[in-house]
Structures are given as C-alpha cells and as structure tokens.
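**Q** structure here, sequence nowhere to be found:
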C-alpha cells in the first residue's frame, strides 16, 4: 500500500521526501502512520530497483533537499499495479481507498472499469462480520447495540459504495 502511494504521488510531480511523507500521511496516516524508519528505507529500495531517482537540490533556507522523481520504469510499475491490483487491494477497504486515489492515472476507461467491476463483484458476495455456520448474521440478529451499530454503519457504507460503483461503471462503459 505504501509503495503504491509513493508511485501514485510521484506520478504527478517531483516531491521532496518530507512532502511525500505528509501526503501519504494525509491519505493513509489515520489508518497506518508512516514512520521515517519505514518510508526512507523503502524509498532507497525503490531507487535501487530503478523505480525512482533522487536529485540533490539546493535548499532555499535550509540544507539541500533530495527531490524524488519517478523513472519510466516507476511510471510503468504504477500503471501495471493499477491495471491488475492484487486481490487485497480489492478486498481490503484501506488498500482499496489507496488504489482508488490513483486509479485516474490509468488512462483507459475499460481498464478502470475492469478494476471497479472486481470491487463490485466482491461487494455483492454474501458477507458478514459474524456467521452462524453457513448463515451470515445481520444487525437484527443481535441485541447488542454496538454490534448493531457495526452492521448499520457497514451496511450504509456498502450501499453508498455500490451505488457509486454502478453509476461510475455505467459512465466508463459508455466511454469505452
């Protein structure tokens, strides 16, 4: 998820490591705070893999800054990941939101629609947080107001997402 966010933000523009960290924190930090000990070693690995470059640029007030840019290979890596995301990026809500934040970079409406269709297929499968054997339990099955709240919130969120997915798929399918 972190690597996808790095590729996505650098796809738009060159960024200083600190600026990149702030953007990632705004997107995912409420779920998974990003420590320097995680981000900077990953940036070095991505640079060694040829996905990004680092250029020393004089600082205006402070010390020189390392500006990060995507290479052609990094741009290709982002587009490949957007076109064929791992299953966890479809099923895990936090990863899905990260993917969704950058799906616009995939310039092919049919490819965008294929990703959205995978999410729609996932969301329309029988699901529940709790099961009674093979039967998914619903909010009405509980006297506990907290579990009822869990189901009520999740159901409302899913209904909203399903509506958006169907509307967006209809639009993308008209374009492609």
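**A** Received it, and whenever you're ready, just let me know what you need. Predicted model only: the values in this text are computed from it and were never measured.

**Q** alpha carbons only for contacts and neighbour counts from here, please
**A** OK.

**Q** quick check: pLDDT value at the residue lying farthest from the centre of the chain.
**A** Relative to the mean C-alpha coordinate of the chain, counting by CA atoms, centre = their mean, the farthest residue is residue 143 (35.0 Å). Per-residue confidence (pLDDT) for residue 143: 90.

**Q** may I have the secondary structure class of it?
**A** Under the three-state scheme (DSSP: H, G, I helix; E, B strand; the rest coil), residue 143 adopts coil.

**Q** and stretch 83-98, end to end?
**A** 14 Å (CA to CA, to the nearest Å).

**Q** and the contacts of it?
**A** Outside of stretch 83-98, the residues that reach it under the criterion CA atoms under 8 Å, 6 or more residues apart in numbering are 1, 4-5, 27-28, 31, 99, 106, 111-112, 115, 118-119, 122.

**Q** 7 Å instead, please
**A** The set of residues external to stretch 83-98 that reach it, using CA atoms under 7 Å, 6 or more residues apart in numbering, is 1, 5, 99, 111, 115, 118-119, 122.

**Q** which of these sit farthest apart?
**A** Among these, the pair separated by the greatest distance (CA to CA) is 5 and 122, at 22.6 Å.

**Q** between the two, which is the more surrounded one?
**A** The residue with more neighbours, out of residue 5 and residue 122 and counting by other CA atoms under 10 Å, is residue 5; that gives 23 against 14.

**Q** list the contacts for the more buried one?
**A** Residue 5 makes contact with 24, 98, according to CA under 7 Å, 6+ apart.

**Q** could you break the chain into its assigned domains?
**A** Residue ranges of the domains in the chain are recorded as 1-78, 108-176, according to automatic domain parsing.

**Q** quick one: the residue farthest from the centre of the chain from residue 129, how far?
**A** Summarising the geometry, the distance separating residue 143 from residue 129, computed by CA to CA, is 15 Å.

**Q** tell me the mean pLDDT over stretch 37-45?
**A** Stretch 37-45 shows an average pLDDT of 90 in the prediction.

**Q** what of stretch 50-62?
**A** 84.

**Q** would you map the strands across the protein?
**A** 15-16, 52-57, 65-70, 131-132, 135-136 (DSSP state E).
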